[in-house]
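Trainee: The sequence isn't on hand, but the structure is:
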């Protein structure tokens, strides 16, 4: 099963994220290297948040990621939500 973690960010978060970016990217890399995170990226034009695709038996890893993310902990993310995603075609 796949899960998508959606982020809604504060206004101008691209400029505000600099102090936390390295730690955020290290967190992404650790979840990716463990095989839990398949893809991650920022929503663009306008830059209003991000999306992360996780693979697992439940939403636990996506929720763990959000709870550890310095963007969330430091108020750059105003809302986050994990949704189950049923893949119809592609890498399952």
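Mentor: It's in. All values derive from a computational prediction rather than experimental measurement. Residues are numbered from 1 along each chain as shown.

Trainee: Can you read off the pLDDT for the residue positioned nearest the centre of the chain?
Mentor: In the chain, the residue lying closest to the centroid (Cα atoms, centre = their mean) is residue 52, at 4.0 Å. As predicted, residue 52 sits at a pLDDT of 98.

Trainee: Distance of it relative to residue 83?
Mentor: 11 Å (Cβ to Cβ, to the nearest Å). Quick note: C-beta positions are derived from backbone N, CA and C, even for glycine.

Trainee: cool, residue 74 as well?
Mentor: According to Cβ to Cβ, residue 74 stands 24 Å off from residue 83.

Trainee: Flag every buried residue along the lengthiest helix in the chain.
Mentor: Once the chain is assigned using DSSP state H, the helix that runs over the most residues is helix 21-33. For helix 21-33, the neighbour count (16 or more other Cβ atoms under 10 Å) marks 24, 27-28, 31 as buried.

Trainee: What's the mean pLDDT across it?
Mentor: Across helix 21-33, pLDDT averages out at 98.

Trainee: Please apply the same query to stretch 61-80.
Mentor: What stretch 61-80 shows for mean pLDDT is 98.

Trainee: and for that stretch, what are the contacting residues?
Mentor: When contacts are defined by Cβ atoms under 8 Å, 6 or more residues apart in numbering, stretch 61-80 is touched by residues 3-10, 13, 16-17, 19-20, 23-24, 27, 31, 36-37, 49, 52, 54, 56, 82.
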